[in-house]
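Colleague: Here is a sequence with its predicted model. Questions after.
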Amino acid sequence: MPTIRTTAKIERAAQRLVDATGISRPPVPVELIAAARNITVAFDELGDDVSGMLYRRGGSAVIVINRDHAHHRQRFSISHEIGHADLHDSDTYLDGRLTLRFRDGKSATGTDIEEREANRFAAALLMPADWVRDRFISMIAARRPLDDNDAISKLASEFDVSEQAMRFRLVNLGLIDPT
């Protein structure tokens, strides 16, 4: 059975990678983070059902992302696969030589522990908690925008993520009501 990581541990792991880039404002350069981890990012045709995959061998790795998916989906998929590389390397080897990690229906529904962790990691990497909180609170303090949907749209644009991803992040950080 895989080790279950706390949300706090996942947040710290993602923040460590953001801090290592030396950047302090969005959007997070996920391809730069991958390169710093000796992970090559490539884009290819993967079919409708696969967003990305991670292949590891020795000290290097390749993330292959579905070239036909939307830009925000690609950024999330890269971050998700970096999450697998960062969190799950000890129990994902096939025959001790290589690793394949596919994003599939299980990851979308959140039924697999490692997939849920990689999704949390991706959200934390793309939208660091402190950055999101600071920007959201400064919007409220400036009285703009007053509407949650407006805030979501502006923050999503600033962080280069989908509005859906930003809504989930704001809900998970307790900044907006889930309804």
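Modeller: Perfect, thanks for sending it.
Colleague: quick one, strands of the protein?
Modeller: Using DSSP state E, the strands assigned to the chain run over residues 39-44, 52-57, 60-66, 99-102.
Colleague: Let me have the ones you listed in JSON lines, adding mean pLDDT, distance to Ile33 and mean neighbour count as columns.
Modeller: C-beta coordinates here come from the backbone N, C-alpha and C atoms, glycine included. As requested, those are exported to JSON lines (pLDDT from 0 to 100; distance: least, Cβ to Cβ, whole Å; neighbours: other Cβ atoms under 10 Å):
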{"stretch": "strand 39-44", "mean pLDDT": "95", "distance to Ile33": "8", "mean neighbour count": "15"}
{"stretch": "strand 52-57", "mean pLDDT": "87", "distance to Ile33": "14", "mean neighbour count": "20"}
{"stretch": "strand 60-66", "mean pLDDT": "91", "distance to Ile33": "11", "mean neighbour count": "20"}
{"stretch": "strand 99-102", "mean pLDDT": "48", "distance to Ile33": "17", "mean neighbour count": "17"}
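Colleague: CSV for those, including distance to Gly174?
Modeller: CSV is the format used below for the strands of the chain (distance: least, Cβ to Cβ, whole Å):
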stretch, distance to Gly174
strand 39-44, 32
strand 52-57, 29
strand 60-66, 31
strand 99-102, 30
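Colleague: and the residue nearest the centre of the chain, how far is that from Gln74?
Modeller: Nearest to the mean C-alpha position of the chain, counting by Cα atoms, centre = their mean, stands Ala122 at 1.4 Å. As defined by Cβ to Cβ, to the nearest Å, Ala122 lies at a distance of 11 Å from Gln74.
Colleague: for Gly22, same thing?
Modeller: 23 Å.
Colleague: Now do the helices in this protein.
Modeller: Applying DSSP state H to the chain gives helices spanning 7-21, 30-36, 71-87, 105-109, 113-126, 129-141, 148-159, 163-172.
Colleague: Let me know the outermost residue of this structure.
Modeller: Quick read of the chain (Cα atoms, centre = their mean): farthest out is Arg143, 29.4 Å.
Colleague: Skip the chain neighbours and tell me the closest residue to Ile78.
Modeller: Excluding the flanking residues, the one nearest Ile78 by Cβ to Cβ, 6 or more residues apart in numbering is Val30, at 4.6 Å.
Colleague: Perfect, that will be all.
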